[in-house]
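Colleague: I'd like to go over a predicted model; first the sequence, then the structure.
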Amino acid sequence: MSRRSDLMIDLSVEIAGLKLRNPLILASGILGLSASQLMRAYNAGAGGVITKSFTKEPREGYKTPIITGYKCGFLNAVGLANPGIKSLGKIINPLVNKGIPVIVSIAGSNVPEFVELASKACELGVKVVELNLSCPHVKNKGLELGTDPELVKLIVSSIKEEVNCSVLVKLGLTDKLLDVAKSSERAGADAIVLINTIRGMIIDVWSMKPVLSNKFGGLSGPAIHPIAVRTIYETYENVNIPIIGSGGVDDWISAVELILAGATAVEIGSAIAYKGLDVFKEITSGIEKYLVRKGFKSVKDIIGLAHK
Ligand SMILES: Cc1cc2nc3c(=O)[nH]c(=O)nc-3n(C[C@H](O)[C@H](O)[C@H](O)COP(=O)(O)O)c2cc1C
């Protein structure tokens, strides 16, 4: 394979008005609480980065253990630990000033709180917010709100009316997923993100107790990948706005699968724990070689091709 043909491949994508040099985005909750960590992920090859979910007030999160390994993934219940929206500026200013595509994840408990969080992020020059409507282990936040199509519609439309920014709606695994995705689109969402971690539990047979202090946690990594593929595939057939994929991407094949199912871009989280930040370059180079072999010039040309 010639170096020349590699160079002709276009990996750039545009989503919610954000131009990304490649379709790989650092997922929320992974290295997302400091400017230097976010910058490291970008310098390692991510096309864009997402912060940890920010809440109105600081949150300490749950007592340890908050994360444990599983055969092919992780179970975590961090409890949305973050320093609160007032601390967002010092984390994202250095990235915004350098023009690095940074998305701020926000987690409110009601409509006014989501509007306030979005407007604070946008006052700092952020162009895109990701609404965490899918965290499966915190009461009154995340998935509890993201299962109600009417409430999600109100959250999204209120932000779109009052704040000048693009809105990504991050949804989790629920029976109402398609209804919530459709109502997000009707409310003016710029893209849907699928999926967050999936609620699960691991029991230590020696202590005979759940391993995590919170008992339940969110399952991530390769264990949830086929579920991410399926939900993206189904949602692609039901909405017209772009989709960002998330769930178990740890090599170029799993990334391409999500793109073929209908994702315009792909988030990477758990894989960083066992492959390090080199995973971004490994995957972009794999996608590039794949596109050359299949005779495509741009990654945009393969979005949703599994539906043909
Ligand atoms: C330790 C940990 C913390 C996370 N924190 C957040 C968070 O604050 N907000 C959010 O929307 N998703 C959070 N997630 C979910 C990830 O962003 C991602 O959607 C999920 O882990 C699936 O992708 P993966 O299999 O590549 O990890 C977290 C995941 C992990 C493992």
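Modeller: Nice, I can see it.

Colleague: Run a quick neighbour tally on the residue in the stretch 201-308 of the chain that the ligand sits nearest to.
Modeller: Proximity to the ligand, evaluated over the stretch 201-308 of the chain using Cβ to the nearest ligand atom, is greatest for Gly269 at 2.8 Å. Any C-beta I mention is one placed from the backbone N, CA and C, and that applies to glycine too. Neighbour count for Gly269, taken as other Cβ atoms under 10 Å: 26.

Colleague: try the one 5 residues further on
Modeller: A count of neighbours around Tyr274, defined by other Cβ under 10 Å, yields 11.

Colleague: Please give the element, helix or strand, for it.
Modeller: Using DSSP states H and E, Tyr274 sits in helix 271-275.

Colleague: tell me what that helix is packed against?
Modeller: For helix 271-275, the helices and strands in contact under the criterion 3 or more Cβ pairs under 8 Å, 6 or more residues apart in numbering; DSSP states H and E are helix 278-294.

Colleague: can you give me the helices for the protein?
Modeller: For the chain, the helices defined by DSSP state H cover 3-7, 35-43, 88-97, 111-123, 143-146, 149-162, 177-186, 225-236, 252-261, 271-275, 278-294.

Colleague: could those helices be laid out in TSV, adding distance to the ligand and mean pLDDT?
Modeller: Converted to TSV, the helices of the chain look like this (distance: least, Cβ to the nearest ligand atom, whole Å; pLDDT from 0 to 100):
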stretch	distance to the ligand	mean pLDDT
helix 3-7	26	50
helix 35-43	13	98
helix 88-97	13	97
helix 111-123	13	97
helix 143-146	10	89
helix 149-162	15	97
helix 177-186	14	97
helix 225-236	7	98
helix 252-261	9	98
helix 271-275	6	97
helix 278-294	10	98
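
Colleague: Out of those helices, the one nearest Ala306 is which?
Modeller: Checking these against Ala306 by Cβ to Cβ gives helix 252-261 as the closest, at 4.1 Å.

Colleague: What distance do you get for Gly84 to Gly61?
Modeller: To Gly61, Gly84 is 12 Å away according to Cβ to Cβ, to the nearest Å.

Colleague: Find the nearest non-adjacent residue to the residue in the chain positioned nearest to the ligand, please.
Modeller: Distances between the chain and the ligand by Cβ to the nearest ligand atom are smallest at Gly29, namely 1.9 Å. In space, and not counting its chain neighbours, Gly29 is closest to Lys52: 5.3 Å by Cβ to Cβ, 6 or more residues apart in numbering.

Colleague: Tell me which residues touch Thr235, please.
Modeller: Leu177, Leu178, Ala181, Ile192, Leu194, Ile243, Gly262 (Cβ atoms under 8 Å, 6 or more residues apart in numbering).

Colleague: quick one on the thing from earlier: I figured the residue of the chain closest to the ligand hits Ala77, correct?
Modeller: No - in this structure Gly29 lies outside contact range of Ala77 using Cβ atoms under 8 Å: 11.5 Å.

Colleague: the more surrounded of those two?
Modeller: Just comparing Gly29 and Ala77: by other Cβ under 10 Å the higher neighbour count belongs to Ala77, 29 against 25.

Colleague: who's in contact with the more buried one?
Modeller: Residues in contact with Ala77 (Cβ under 8 Å, 6+ apart) are Tyr62, Ile66, Ile67, His137, Leu212, Ser213, Asn214, Lys215, Phe216, Gly217, Gly218.

Colleague: pLDDT score for the last one?
Modeller: What that stands for is Gly218. Turning to Gly218, the model gives it a pLDDT of 96.

Colleague: burial measure for it, as a count.
Modeller: Neighbour number of Gly218 under other Cβ under 10 Å is 27.

Colleague: Just grab the bridge partners of it for me.
Modeller: For Gly218, the beta-bridge partners under DSSP bridges are Asn76, Arg199.

Colleague: Identify the residues contacting Arg230.
Modeller: Going by Cβ under 8 Å, 6+ apart, the list of residues near Arg230 reads Ala261.

Colleague: I'd like the numbering to begin with 52 instead of 1 from here.
Modeller: Yes, from this point I'll number from 52; that puts the last item at Arg281.

Colleague: gap between it and Tyr287?
Modeller: Arg281 is 11 Å from Tyr287, where distance means Cβ to Cβ.

Colleague: what residues are shared contacts of those two?
Modeller: Ala312.

Colleague: From one end of stretch 70-84 to the other, what's the distance?
Modeller: 23 Å (Cα to Cα, to the nearest Å).

Colleague: Please verify my assumption that Gly239 contacts Ser217.
Modeller: No - if you go by Cβ under 8 Å, Gly239 and Ser217 don't touch, sitting 9.8 Å apart.

Colleague: Having no further points to raise, I will conclude here.
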